[in-house]
Every structure is written in structure tokens, then in C-alpha cells.
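1. fold the following for me, if possible:
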Amino acid sequence: VPQIEADYPNMRVTAGGEQEEQGRFGPALAFNFVLALFAMYATMALAFGSYFRPLIVLLIVPLGFIGALLGHAALGLNLTLLSIFGVIGLVGVIVNDSLLIVDLIQRAEEEGKDPVEAISESTIRRVRAVTLTTFTTFFSIAPLILEASVQAQFLSPTAVALGFGVLFASVLQMFLVPALASLYAMTRAVIA
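-> Sure thing, here's the model as predicted:
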């Protein structure tokens with residue numbers, strides 16, 4: 001492009017196509033995503049009566065993004081705006097799984113169970129449901145991930161982000177959520 005601009009000084013070069021589209025939607029999408037995360041946090045803080053428990057739930061979100069990036073790298077795909085749409089959809093799935101575990105932990109503690117017992121029992125109770133949700137989500141979009149046709153390649157980045165993000169985050173959340181809940185319980189015990 002620099003050589004063409006030098007050869008034709010009166011010509012103007014501008015970004016177009018997907019690059020222009022991402023430049024237009026990117027900042028608004030990022031702002032709306034942060035706003036949605038804040039709304040989720042505020043809703044959970046009110047429901048849990050805690051400022052820390054919602055953080056346990058939301059700390060799973062970066063794991064989903066990492067899983068989406070790993071999926072794109074493994075399949076040799078570029079991260080596109082459609083990939084980001086997949087990540088946004090993925091957030092709802094992984095937040096729901098974490099939310100249910102944290103809610104069970106809180107209910108068990110309110111019933112008088114020891115925090116360690118509440119955490120282990122609640123996590124064990126959700127393993128089957130989280131595993132089934134994870135695999136059914138991944139397998140339901142696997143045809144889009146594996147399809148090689150031109151038409152399917154349009155949706156492939158969205159499917160890869162959602163599928164690999166759910167797979168990666170769901171496996172790790174079964175360890176991270178109990179660990180963070182234990183940290184929260186220990187902190188409360190020290191403060192009390």
C-alpha cells in the first residue's frame with residue numbers, strides 16, 4: 001500500500017470490509033459487554049447479599065475467552081467479530097453453571113453446614129449437570145465446527161468460540177469455583 005500511495009499521490013486509501021465493520025462495532029460492543037457484566041454482578045450481589053460471591057461466578061468468564069482463543073489457535077482460525085459473538089453467548093452458559101454451584105454452597109451454609117462440607121457437597125452435586133451441559137453444548141455445535149463448506153465457514157468462528165470456550169471453562173470451573181469459595185470461607189473465618 002505505501003508504494004501505491006507514493007505512485008498515486010491523489011489517491012486515498014481507507015480501511016473497508018471486515019476491518020471497517022470491526023472498527024465501528026468494536027467499541028460499542030466492548031462497552032455493552034462490560035455493562036452487561038456489571039448488571040450481572042449487581043443482580044447477583046443483591047441476590048446473594050454478598051459482594052464477593054458474584055466475583056467467584058464472574059471470574060470464570062476469562063477462562064471461557066481463553067478456551068475460545070485456544071480453539072481458534074488449534075483450528076488455525078483468526079479471531080473475528082463473529083468469534084466475539086460466540087464468546088458473548090458462551091458467557092451466559094458458563095456463568096449459569098458457576099452461579100448454580102455458588103448458590104448451592106450458600107444454601108448449604110445457610111442450613112448450618114460447615115463451609116468445607118457445603119463447598120464439597122455442592123460441587124459434587126453439580127458435576128453431573130455441568131458435565132452434561134458442557135458436552136451437549138459442545139456436541140450440538142460440533143457439526144458447524146467440523147463443516148468445511150463455504151456457507152458453514154461463516155458461522156465457524158462463532159461455533160468454535162462457544163464450543164471450545166464452554167469445554168475449557170467448564171472443566172476448570174469445577175476446580176476454580178470451589179477453590180475461590182474456600183478462600184472466601186477462610187477470609188470470613190479470619191475476619192469474624
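2. so how far is the longest helix belonging to the chain from its chain's centroid?
-> The single longest helix within the chain, with elements called by DSSP state H, is helix 150-191. How far helix 150-191 lies from its chain's middle: 6 Å, per C-alpha atoms, centre = their mean, to the nearest Å.
3. got it, and stretch 185-192?
-> On C-alpha atoms, centre = their mean, the centre of stretch 185-192 falls 29 Å from the chain's centre.
4. how about that stretch: buried residues?
-> A185 (16 or more other C-beta atoms under 10 Å). Bear in mind the C-beta positions are built from the backbone N, C-alpha and C, glycine included.
5. equivalent analysis for stretch 96-105, please.
-> 97-105.
6. nearest to R126, of those?
-> Closest approach between the buried residues of stretch 96-105 and R126, by C-beta to C-beta: I101, at 4.9 Å.
7. the helix or strand the closest one falls within vs helix 150-191, what angle?
-> Per DSSP states H and E, I101 falls inside helix 81-110. Counting by axes from the mean of the first three to the mean of the last three C-alpha atoms, to 10 degrees, helix 81-110 lies at 30 degrees to helix 150-191.
8. please name every helix or strand in contact with helix 81-110.
-> On a contact count with 3 or more C-beta pairs under 8 Å, 6 or more residues apart in numbering; DSSP states H and E, helix 81-110 meets helix 18-48, helix 53-58, helix 61-75, helix 115-146, helix 150-191.
9. quick check: mean pLDDT of stretch 78-96?
-> On average, the pLDDT along stretch 78-96 is 92.
10. hang on, I meant stretch 45-52
-> In this model, stretch 45-52 has a mean pLDDT of 95.
11. list the buried ones in that stretch?
-> 48, 50.
12. contact partners of it?
-> Stretch 45-52 has contacts (C-beta atoms under 8 Å, 6 or more residues apart in numbering) with 53-54, 102-103, 106, 184, 187.
13. can you check stretch 116-136 too?
-> 93, 97, 100-101, 104-105, 107-109, 113, 166-167, 170-171, 173-174, 177-178, 181-182, 185.
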